[in-house]
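Engineer: give me a model of this one.
(one chain, ligands or ions: 1)
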Amino acid sequence: MGRKFFVGGNWKCNGTIEEVKKIVTTLNEVEVPSEDVVEVVVSPPFVFLPFVKSLLRSDFQVAAQNCWVRKGGAFTGEISAEMLVNLGVPWVILGHSERRALLNETKEFVGDKVAYALSQGLKVIACVGETLEQRESGSTVAVVAAQTKAIADKVSNWAHIVLAYEPVWAIGTGKVATPAQAQEVHFELRKWLHDNAGAEVAASTRIIYGGSVNGANCKELAAQPDVDGFLVGGASLKPEFIDIIKSATVKKNV
Ligand SMILES: O=C(CO)COP(=O)(O)O
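Structural biologist: Residues are numbered from 1 along each chain as shown. All right, here's what the predicted structure looks like:
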């Protein structure tokens, strides 16, 4: 089916220079499945991006955790897509639920950001996901479909987008979605892409899962047919991130 397994490490707002050096050294020293089997992207805070990029093994890439919605200029505190491109940063995470919830980013704003980042040549990890309240009221699929539609409304080419399904109730809580719960939503998202962006987009777009993924639960999740990888928070700061990268090999047996 041609969807290369994708493992992203979202470091969020964590790390000192010493800690960052330690994480990268660990990543650089281990043997992982080849680039043909898995694409690995780590996402440090902005201030560490050039440092991490210069230190990191060449078969892994870096992502920013956000960028400004339009061309840079008088927007104090923001980082533009152009700057990321200028630094040689290939990826950006957009629409993370922490930004949607804590910084009031609407789905339309996220759609605009995705479109602008793509237009500048960045590749985008676009996050969607429902809250516990939304899940319990039975609106999970409607919520993630609406978030995906807000992106699809602004974007016609999905070649450089990875869609990350991150249920808000599973993020940083230790409460991971069951493999069946993840598969169900990934299946619905792929179906949505099929019906709204076409069969080719649905077949080729990677849909990755995020929310309390760790070294112990990754294999079972990776074995699900519509789970094409992970976006890892807490565990991406620890050596078990390596085990999560290695779960890519599960796909060979699916
Ligand atoms: O938000 C996440 C990745 O973007 C997931 O975070 P945790 O893996 O810490 O639950």
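Engineer: from here on, contacts and neighbour counts on C-alpha atoms
Structural biologist: OK.
Engineer: buried residues, the host helix or strand of Val114. List them.
Structural biologist: If you go by DSSP states H and E, Val114 is part of helix 107-119. By neighbour count with 16 or more other C-alpha atoms under 10 Å, helix 107-119 contains the buried residues Lys107, Glu108, Phe109, Val110, Gly111, Asp112, Lys113, Val114, Ala115, Tyr116, Ala117, Leu118.
Engineer: now those as JSON lines including distance to the ligand?
Structural biologist: Below are the buried residues of helix 107-119 laid out as JSON lines (distance: C-alpha to the nearest ligand atom, whole Å):
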{"residue": "Lys107", "distance to the ligand": "17"}
{"residue": "Glu108", "distance to the ligand": "20"}
{"residue": "Phe109", "distance to the ligand": "18"}
{"residue": "Val110", "distance to the ligand": "15"}
{"residue": "Gly111", "distance to the ligand": "18"}
{"residue": "Asp112", "distance to the ligand": "20"}
{"residue": "Lys113", "distance to the ligand": "17"}
{"residue": "Val114", "distance to the ligand": "16"}
{"residue": "Ala115", "distance to the ligand": "20"}
{"residue": "Tyr116", "distance to the ligand": "21"}
{"residue": "Ala117", "distance to the ligand": "18"}
{"residue": "Leu118", "distance to the ligand": "20"}
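Engineer: contacting residues around the closest residue to the ligand within the stretch 1-150 of the chain?
Structural biologist: Proximity to the ligand, evaluated over the stretch 1-150 of the chain using C-alpha to the nearest ligand atom, is greatest for Asn10 at 5.2 Å. Residues near Asn10 by C-alpha atoms under 8 Å, 6 or more residues apart in numbering: Val42, Ser43, Pro44, Gln65, Leu231, Val232, Gly233, Gly234, Ser236.
Engineer: okay, it: pLDDT?
Structural biologist: pLDDT, Asn10: 98.
Engineer: got it, and Val254?
Structural biologist: pLDDT recorded at Val254 is 50.
Engineer: tally of neighbours for the spatially closest residue to Ala170 that is not a sequence neighbour?
Structural biologist: Leaving out its chain neighbours, the residue that sits closest to Ala170 by C-alpha to C-alpha, 6 or more residues apart in numbering is Gly211, at 4.5 Å. For Gly211, the count of nearby residues is 24 (other C-alpha atoms under 10 Å).
Engineer: can you check Ala152 too?
Structural biologist: 19.
Engineer: Tyr209 now?
Structural biologist: Neighbour number of Tyr209 under other C-alpha under 10 Å is 35.
Engineer: quick one: it is in a helix?
Structural biologist: No. Assessed with DSSP: H, G, I helix; E, B strand; the rest coil, Tyr209 is strand; it does not lie in a helix.
Engineer: what about the stretch 151-254 of the chain, any weak spots by pLDDT?
Structural biologist: Along the stretch 151-254 of the chain, segments meeting pLDDT under 70 span 253-254.
Engineer: circling back: what's near enough to touch the residue nearest to Ala170?
Structural biologist: So Gly211 contacts 166-177, 231-233 (C-alpha under 8 Å, 6+ apart).
Engineer: rewinding a little: helices or strands up against the helix holding Val114?
Structural biologist: Helix 107-119 is packed against strand 91-94, strand 123-128, helix 140-152, with contacts defined by 3 or more C-alpha pairs under 8 Å, 6 or more residues apart in numbering; DSSP states H and E.
Engineer: how about JSON lines for the ones you listed, with distance to Phe48 added?
Structural biologist: Output for these, formatted as JSON lines (distance: least, C-alpha to C-alpha, whole Å):
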{"stretch": "strand 91-94", "distance to Phe48": "14"}
{"stretch": "strand 123-128", "distance to Phe48": "19"}
{"stretch": "helix 140-152", "distance to Phe48": "28"}
